[in-house]
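Enquirer: attaching a predicted model along with its sequence, questions to come.
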Amino acid sequence: MAKLPESAGSGSRGMDEDGGEQPPEAQDRPRLVAVPADEVGREAARPHGEPGDQHAARLELERALCAPGRAGATLGAGAMGARAATPAESAASTAAAMSARDDAPEPTTQIEPATPELVSALRAELAMRATAEAGLRARVVDAEARLAARATASERTAETLRAVRAELDQLTGLVAGERSRREAAERRVTELERELEQRRARDQPGEQRERGAQPDDEPTPGSMHDSLEQLRTPVADREHVAVSAGDAGTVQPDRLTDALTRLRANTQPARSAPAPAVPATLAGPFRTLCRRDPALAGRLVISLLGMERVAYPHPTTFDLLLGPGGGCIQVTSSASRSEVVAGTTARPLEQVGFRVVGGPDRIARLLIAGRLRRRLGFGVARVRGDRDGLAALEALLSLPLDLPALVDGGMLSDPTSLLSLVAAMVRPEWTRGAHFAVSHRDGDIAPMYLAFSGGRRPEVTSAPPAGPIATVISCPDHDLASVLTGAVAPGAAGVEVCGDVAPLQQLQGWIKRAQSG
C-alpha cells in the first residue's frame, strides 16, 4: 500500500476531487482508490518482501471485499489478520489506504493478505445478523398485529358494554314500573277486600232476615234438642271434642244450649221488629290479638270448631293438620250436627273439601291474610283442595262477640286466653286517665293480671304490675267471662270480688262498648 503524504491527512482533508469543500461526515469516511494495471504489474514483478508485494496484497484484499457476496463486510476486517494490531491502529491504516491517491508514496504500515477463513467468518457474521434482523422484524410485525387486534377488541368491547348498559337501564325502568304497578295492585286488592268485608257486614242482617223468613232453614227447638242429644250420646271409636290449646275437652250440653240460644238471639232479629244495628263480631279483636300473639289467636279459633254449624250452616268437611307433634283435627259439619275429632293423621283429600297445613299461628295469619298473601304463602298455612271452602273456617270470626256464649261454645276459658282477648277488645284510647290492675285467682293456680296504663295498650302478665292491685276476682275459669261482662254479679256461688269494685265496673263498660260495635 502506498504511503499517504502528510498533506493528505491535514491540508487536503477538507477538499474533494473537484476542489470543492467536502461535508464534515465525508471528511472522515474511508475511500477506495483505483490502481492502474501497469502499477499492478510492476508490483507483481518485485521480489517478495518488497514494498510492491505489500501493494499487491492490498489490491487482493480490495478485490476480495468487492467480490459478489462480500458486500456489506466491514473495511476494518483486514486489520483483524494474523498480527495482533489494536482496533485504533487498524482503523487509522484502513482510512489512510482508502484516501490515498495514485501518486502517493508507499506506506510504512504492512497489511497482511485476507485469508479464506476470515472471509468465511465475515460471511457467517453477516448471515447471523441478517437472520437476527429478520427475526426482529417478524416480531415487530407480530407485535403490531397484536396491538391492532387489541385495539379492535377494545372497540368492540366498548360497543358491547354500551349496548349492555343501555339494555340494563331499560330493564331497570321496566322493573321500576312493574314494581309500582304491583304495589298499586296490592293496594287495590286490600281496598277491595276491605270493601267486601264492609259489604258483608252491611248485608248480614238482610241475609239473616231472609234465612229467618224460610221456615226450613230456621233451627227449631226440636232440632236443637236433637243436636244436644247427639252430643250427649257417645260415638264408638271416636272422640268428639272441642280442641283448646292442643288438648281435648268435652263440651257441656247445657252450657252449649244457652250459648246457642244467646247467639241465635243476637243473629236472628225478630221479624216484626226493625233490624237492629249489626252486633260486633269476633273478627276485630281476633285481628288485634293475631298481631300481638298469633299462636294464642290460632288456638282460640281452633277451640271454636265445635260451633262450626252455628257459624256456617252448610255441610262442610275439612282437616287441620297442625304439623309435627300437633296432630290433626277432623271437622265434619252438617245442618244438624258438628263433629270435631282429634287424631294423628289427616283423611284423604278426596274425602274432605279442603285441608289446612300449619300450626296455630300460621292458621291465624291465614284467616286475616288477603287473597294475594294466601296465594304466595308467606308465613301463613297452606291450603290443599278447594280454596273456596276456606269460608267455612273464616265464618268462625263472624260469631257475635259474646264472651260467655263463646266460652260455653268451647272457646278457651283459661285466664291467659280470656284476658288477652279482653285486652284486644278494649281500645287504648278508651283507657285514658285510667291506671289500675285487675287480678284473677282460682285456688292455688298462679294469678293473672290485666293492667291499664292510661291510653296505652292493656297488658296481660303473670307477674304483678307496678302499683297496687285495685280489684281481685276469685272464681273458676269458666265463670270469669260472666264476671267480666257482668252476667254474674259478685257474691254469687263461687264468685268473690275483693278490693274496689269501681275498676271492675269500668272494665265491664268497656267490654259492653266493644260488644256493641
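Expert: Looks like it came in fine. Numbers count the residues shown, from 1 in each chain.
Enquirer: low-confidence stretches in the stretch 51-200 of the chain?
Expert: Applying pLDDT under 70 to the stretch 51-200 of the chain picks out residues 51-54, 65-114.
Enquirer: quick one: low-confidence ranges for the protein?
Expert: Along the chain, the parts satisfying pLDDT under 70 run over 1-54, 65-114, 203-278, 517.
Enquirer: isn't residue 290 up against residue 369?
Expert: No. Under the criterion of Cβ atoms under 8 Å, residue 290 is not in contact with residue 369, lying 9.8 Å apart. Glycine gets a C-beta too; all of them are placed from N, C-alpha and C.
Enquirer: more neighbours, the two?
Expert: Neighbour tally, residue 290 and residue 369, criterion other Cβ atoms under 10 Å: the higher count belongs to residue 290, 23 against 20.
Enquirer: need the contact list for the more buried one.
Expert: Residues near residue 290 by Cβ atoms under 8 Å, 6 or more residues apart in numbering: 297-298, 364-365, 367-368.
Enquirer: can you rerun that using 7 Å?
Expert: 297, 364-365, 368 (Cβ atoms under 7 Å, 6 or more residues apart in numbering).
Enquirer: can I get the residues you listed in TSV with neighbour count?
Expert: Output for those, formatted as TSV (neighbours: other Cβ atoms under 10 Å):
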residue	neighbour count
297	28
364	28
365	21
368	18
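Enquirer: and of the residues you listed, the nearest to residue 444?
Expert: residue 297 (28.7 Å; Cβ to Cβ).
Enquirer: quick one: secondary structure of the closest one?
Expert: helix (DSSP: H, G, I helix; E, B strand; the rest coil).
Enquirer: that one and residue 364 touch, don't they?
Expert: Yes. If you go by Cβ atoms under 7 Å, residue 297 and residue 364 touch, sitting 4.0 Å apart.
Enquirer: and the strands in this structure?
Expert: Using DSSP state E, the strands of the chain run over 242-244, 247-249, 316-321, 328-333, 338-343, 354-357, 382-385, 435-442, 445-453, 459-461, 471-474, 496-499.
Enquirer: now for the closest residue to residue 323 other than its chain neighbours: which residues touch it?
Expert: Nearest residue to residue 323, sequence neighbours excluded (Cβ to Cβ, 6 or more residues apart in numbering): residue 359, at 5.0 Å. Going by Cβ under 7 Å, 6+ apart, residue 359 touches 298, 322-323, 326.
Enquirer: need the strands of the chain in a markdown table (columns: mean neighbour count).
Expert: As requested, the strands of the chain are exported to a markdown table (neighbours: other Cβ under 10 Å):
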| stretch | mean neighbour count |
| --- | --- |
| strand 242-244 | 23 |
| strand 247-249 | 13 |
| strand 316-321 | 23 |
| strand 328-333 | 21 |
| strand 338-343 | 20 |
| strand 354-357 | 20 |
| strand 382-385 | 16 |
| strand 435-442 | 20 |
| strand 445-453 | 19 |
| strand 459-461 | 17 |
| strand 471-474 | 20 |
| strand 496-499 | 15 |
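Enquirer: which stretch among those comes nearest residue 485?
Expert: strand 471-474 (12.4 Å).
Enquirer: what does that closest one contact?
Expert: Residues contacting strand 471-474 (Cβ under 7 Å, 6+ apart): 438-441, 480, 483, 496-501, 503-504.
Enquirer: which strands border it, and is each parallel or antiparallel?
Expert: strand 435-442 (parallel), strand 496-499 (antiparallel) (DSSP bridges).
Enquirer: now those strands as JSON lines including distance to residue 115?
Expert: Shown next, in JSON lines, are those (distance: least, Cβ to Cβ, whole Å):
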{"stretch": "strand 435-442", "distance to residue 115": "128"}
{"stretch": "strand 496-499", "distance to residue 115": "137"}
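Enquirer: what's the span of stretch 358-374, first residue to last?
Expert: Terminal residues of stretch 358-374 are spaced 13 Å apart (Cα to Cα, to the nearest Å).
Enquirer: thinking again about what came up before, so which of the strands of the chain gets nearest residue 131?
Expert: Closest to residue 131 of the strands of the chain is strand 382-385 (Cβ to Cβ; 81.6 Å).
Enquirer: show me what the closest one is packed against.
Expert: Applying 3 or more Cβ pairs under 7 Å, 6 or more residues apart in numbering; DSSP states H and E, one finds that strand 382-385 contacts strand 354-357.
Enquirer: OK, contacts around the residue lying closest to residue 308 once chain neighbours are set aside?
Expert: Leaving aside its chain neighbours, residue 308 sits nearest to residue 333 (4.3 Å; criterion: Cβ to Cβ, 6+ apart). Neighbouring residues of residue 333 by Cβ under 7 Å, 6+ apart: 308-309, 312, 315-316.
Enquirer: for PyMOL, what selects the buried ones among those residues?
Expert: Selection of buried members from those for PyMOL, criterion 16 or more other Cβ atoms under 10 Å:
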select buried, resi 308+309+312+316
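Enquirer: make a markdown table out of the contacts of residue 333 and add distance to residue 138.
Expert: Shown next, in a markdown table, are the contacts of residue 333 (distance: Cβ to Cβ, whole Å):
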| residue | distance to residue 138 |
| --- | --- |
| 308 | 93 |
| 309 | 98 |
| 312 | 92 |
| 315 | 94 |
| 316 | 90 |
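Enquirer: among the contacts of residue 333, which are located in helices?
Expert: Using DSSP state H, 308-309 are the members of these that sit in helices.
Enquirer: farthest pair within the contacts of residue 333?
Expert: Using Cβ to Cβ, the contacts of residue 333 span at most 10.5 Å, a distance reached by 308 and 315.
Enquirer: returning to what we had before: same list (the strands of the chain) but as JSON lines, adding distance to residue 127.
Expert: JSON lines is the format used below for the strands of the chain (distance: least, Cβ to Cβ, whole Å):
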{"stretch": "strand 242-244", "distance to residue 127": "105"}
{"stretch": "strand 247-249", "distance to residue 127": "106"}
{"stretch": "strand 316-321", "distance to residue 127": "94"}
{"stretch": "strand 328-333", "distance to residue 127": "98"}
{"stretch": "strand 338-343", "distance to residue 127": "102"}
{"stretch": "strand 354-357", "distance to residue 127": "90"}
{"stretch": "strand 382-385", "distance to residue 127": "88"}
{"stretch": "strand 435-442", "distance to residue 127": "113"}
{"stretch": "strand 445-453", "distance to residue 127": "107"}
{"stretch": "strand 459-461", "distance to residue 127": "104"}
{"stretch": "strand 471-474", "distance to residue 127": "120"}
{"stretch": "strand 496-499", "distance to residue 127": "123"}
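Enquirer: and the contacts of stretch 481-500?
Expert: Contacts of stretch 481-500 (Cβ under 7 Å, 6+ apart): 403-404, 407, 413, 418, 422, 469-476, 479, 501, 504, 507-508, 511.
Enquirer: now, those residues that are in helices?
Expert: Reading helices off these with DSSP H, I get 403-404, 407, 418, 422, 504, 507-508, 511.
Enquirer: need the max-distance pair from those residues.
Expert: The farthest-apart pair in the ones in helices among the contacts of stretch 481-500, when distances are taken by Cβ to Cβ, is 407 and 504, at 18.0 Å.
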